[in-house]
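Chemist: turn this into a model:
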Amino acid sequence: MKKNINKMRMIIVTCFLILSFFCFCTEKQQPQSRIEYEKVKSDTNVAYIKRTYNRNNKLTVEEYLGADSANNGFYRSYYRSSLIKVKGNYRKGLKDGIWYKYDTLGKIMTKQNWLQGKQFGEQFFYGKDGGIEEYYFTNLEGKAVYHAKFKDRKIIQSQGAPFYLAYTSDTIKCNDRYELLIFFGIPPGTNYNMSVKEYLIPERRITSEKKYDSMDGIEDVVWGKRIVISEVYKQKSTYEWDIKFAIKDIEGVVGIKNEIIKTEIICK
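Modeler: Residues are numbered from 1 along each chain as shown. Just a heads-up that it's a prediction; the model follows:
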């Protein structure tokens, strides 16, 4: 009985060793993924295009690297079918500009806007039929300040407003330039209106007023739309900016924002 058990153990160990050796040889014979670098020259620097291939010699990632090996240019990844999966750009190692993501059939899934490594402005998410499903608007910190859900290309739910302000300072010196930047988005199927008033404090006297409801005076930038207001103040005073913004579709208002900014002009 003991001899039969020992014999069986020997057979099992032998089979295991043969199987392990076969697997090792098979794995060793499989082609390996590989990376290629193409050296390119710009006007001032040397850079590289890095290409990564899978075991089937299919290109999976193509990216532009700076002299310091950080991503600093285009980026593209591919499905096995060679269709583009993701494409966008880096700037000094950070995502910047428009990034697209596609499904295996080449249909767009997302269109996202980035600024110095953070999502900023309009963000689009699409369904399998190519129609918009969700829309976000994010501020410079990458936080969503507006979110809308769609069904049959119509907004069925929304929260916040696709609107963000940036300005020089709460206080500026006489003869220095003051800039007020208004970033906003227009979700698919909607239109907008905005009013911008400047008051002299404490009289609350209107010193300038402008209304927007078209593309006149509007800059079309990567992250959405932008209005730039630039002023040079020559006298000591305090001004207040009153900005009213609304997004509407055929059903009514789907986003609204009222913002007041106060700026003090200091003269010595």
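Chemist: what's residue 195 in contact with, if anything?
Modeler: Each residue near residue 195 by C-beta atoms under 8 Å, 6 or more residues apart in numbering is listed here: 209, 210, 211, 212, 242, 243, 244. Any C-beta I mention is one placed from the backbone N, CA and C, and that applies to glycine too.
Chemist: bridging residues for residue 184?
Modeler: When assigned by DSSP bridges, residue 184 has beta-bridge partners residue 163, residue 225.
Chemist: residue 163 is in contact with that one, correct?
Modeler: Yes: taking C-beta atoms under 8 Å as the definition, residue 184 is a contact partner of residue 163 at 4.8 Å.
Chemist: which residues do those two both contact?
Modeler: With C-beta under 8 Å, 6+ apart, residue 184 and residue 163 have common neighbours 137, 245.
Chemist: isn't residue 180 right up against residue 242?
Modeler: No: in this structure residue 180 lies outside contact range of residue 242 using C-beta under 8 Å: 11.7 Å.
Chemist: these two: which has the busier surroundings?
Modeler: Taking other C-beta atoms under 10 Å, residue 180 and residue 242 do not tie; residue 180 has more neighbours (19 against 16).
Chemist: and the more buried one, what element?
Modeler: strand 177-184 (DSSP states H and E).
Chemist: counting neighbours, what do you get for residue 62?
Modeler: Using other C-beta under 10 Å, residue 62 has 18 neighbouring residues.
Chemist: partner residues bridging it?
Modeler: Taking DSSP bridges as the rule, residue 62 bridges to residue 51, residue 76.
Chemist: for it, what are its contacts?
Modeler: So residue 62 contacts 49, 50, 51, 52, 74, 75, 76, 77, 78 (C-beta under 8 Å, 6+ apart).
Chemist: right, and out of the residues you listed, which lies closest to residue 139?
Modeler: Nearest to residue 139 out of the contacts of residue 62 is residue 75 (C-beta to C-beta; 24.4 Å).
Chemist: that's all I had, so thanks and see you.
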